[in-house]
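Q: Requesting a structural model of the entry that follows:
(one chain, ligands or ions: 2)
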Amino acid sequence: MIEIKPHPIGRCRIRVPGSKSYTHRTLIAAALADGTSTVRDPLRSQDTLLTLAALEKLGATVDDRESHIVIQGLGGRFKPCADPIYLANSGTSMRLLAGVAALGEGVYTLTGTPRMYHRPIGHLLDALNGLGIAARALETAGCPPVEIPGGQASGGSVAINCSVSSQFLSALLLMAPCTRDGMTITVSHGPVSRPYVDMTVDILARFGIQVRRDGYTRFDVPGGQTYRAGDYTVEPDASQAGYFWGAAAITGGSVTVGGVSTASSQGDVGLAQVFERMGCHVVHAADGITVTGGHLRAVTVDMADMPDMVPTLAVVAAFAEGTTVIENVSHLKAKESDRLTATCNELKKMGIDAVADADSLRVTGGRPRGAEIDTYDDHRMAMSFAMAGLVVPGVKIADPGCVEKSFPDFWQVWEQLRAE
Ligand SMILES: O=C(O)C1=C[C@@H](OP(=O)(O)O)[C@@H](O)[C@H](O)C1
Ligand SMILES: C=C(OP(=O)(O)O)C(=O)O
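A: Numbers count the residues shown, from 1 in each chain. Ligands and ions are numbered 1, 2, ... in the order given. From the prediction side, this is the model:
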């Protein structure tokens, strides 16, 4: 448990680590490439290191140096691995690797924490089955742990339901180029979280893979392609920038997050625009995005494309005038925690009126009071409620170490808000 002590933040410049989503994708693409790749500025956190360790078990040669990681790829074919591959509660690792493991020569078991056993993967398993790959859930239907047999991925046409996660589509897109016949992927529902699909397509393009797409409904990926080994740099994580912009919004201070720009495919960069609508002043410059707090007013906003920023926005909304309505976020129930319920519970403890239904969240701004905040083993709960502690006395965050999942240095970087 740590207590966040209120303090003004003035003008600060912050650097956040490399993007989690881009790090997962770059490591996987490098492991599939033919030859040696260098991955610079990767995020080294629990989740991305689990992906890296998994790729090593699948036969990639990894040399993790201080500032970069060197990966000798396998040219699209993973080696057998008899031991279960443990992926904790990293949904991105689980879903993306469940797709590309089908390119291997072994039969793979992918497993994780008890919470992972409740996170859906059935739609991806259905799609793999439709491609003739006998992938299956080992305990509960539609959830990890899963068994993925290699040697059966020749490609073909497949439909994928992406109403609960875009990661199923990303998994198919990452495996498709290495199949013999290629894949035509039709999205039957969704996708939710669309910018993550763009990040996947962006990584494919950077590694020299051809993809033809019709918006988010159809993707044609020719088979027999080879990921091009090379030198790749991971951009800063826009999702992590959100907590620092939120700190500015709540305190009336001014925070610049370096290296983040709207040119990025990371959808979470859009949170700055939401804060602008709420009354903050936002400046986009070549070297980063600055948010300066102002009088906060409620917004109604569709957050289907920015699911990870919902707790961040909900906490900021607790300080805004009026009722903020966050729409189209049913997929939040399947994250590290049920984030709709968790966010409501903890806001209510702070005396804030927060109501969730199946796919939306309403937060009425007020005068939040201090509380012990449970974090549900969910890094984003800890980082979001830390913002409230900058202005409300007595905010205590349980299990602060849960930030290891995506941002091991979070609390040290958070302290920089005080120093400036
Ligand atoms: O592909 C990715 O890197 C991610 C996709 C999103 O998940 P869903 O597509 O399941 O919403 C997001 O919430 C997660 O943090 C990372
Ligand atoms: C949902 C998240 O990650 P994952 O799906 O990879 O567990 C997240 O980082 O908020």
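
Q: Distance of residue 232 relative to residue 82?
A: 31 Å (CB to CB, to the nearest Å). Any C-beta I mention is one placed from the backbone N, CA and C, and that applies to glycine too.

Q: So for these two, which sits in the more crowded spot?
A: Relative neighbour count places residue 232 above the other of residue 232 and residue 82, with 24 against 9, counting by other CB atoms under 10 Å.

Q: Most proximal residue of the protein with respect to ligand 2?
A: residue 91 (2.6 Å; CB to the nearest ligand atom).

Q: And for that residue, the neighbour number?
A: Residues near residue 91, counting by other CB under 10 Å: 22.

Q: for stretch 408-420, the distance to its chain's centre please.
A: 21 Å (CA atoms, centre = their mean, to the nearest Å).

Q: average model confidence for it?
A: Averaged across stretch 408-420, pLDDT comes to 90.

Q: Establish whether it and ligand 2 are in contact.
A: No: between stretch 408-420 and ligand 2, judged by CB under 6 Å from any ligand atom, nothing touches; the nearest distance is 12.6 Å.

Q: Show me which positions of that stretch end up buried.
A: Neighbour-count burial for stretch 408-420, counted by 16 or more other CB atoms under 10 Å, picks out 408-411, 413-414, 417.

Q: just stretch 8-16 next, same as before
A: 9, 12, 14-16.

Q: Okay, now the unreliable bits of the protein?
A: Residues of the chain that meet the criterion pLDDT under 70 lie in 419-420.

Q: if we can go back for a sec, can you list the buried residues of stretch 408-420 in JSON lines and add secondary structure and distance to ligand 1?
A: Converted to JSON lines, the buried residues of stretch 408-420 look like this (DSSP: H, G, I helix; E, B strand; the rest coil; distance: CB to the nearest ligand atom, whole Å):
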{"residue": "408", "secondary structure": "coil", "distance to ligand 1": "16"}
{"residue": "409", "secondary structure": "coil", "distance to ligand 1": "19"}
{"residue": "410", "secondary structure": "helix", "distance to ligand 1": "16"}
{"residue": "411", "secondary structure": "helix", "distance to ligand 1": "20"}
{"residue": "413", "secondary structure": "helix", "distance to ligand 1": "19"}
{"residue": "414", "secondary structure": "helix", "distance to ligand 1": "20"}
{"residue": "417", "secondary structure": "helix", "distance to ligand 1": "24"}
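
Q: Of all the residues in the stretch 1-150 of the chain, which one is nearest ligand 1?
A: For the stretch 1-150 of the chain, CB to the nearest ligand atom, closest residue to ligand 1: residue 21, 3.2 Å.
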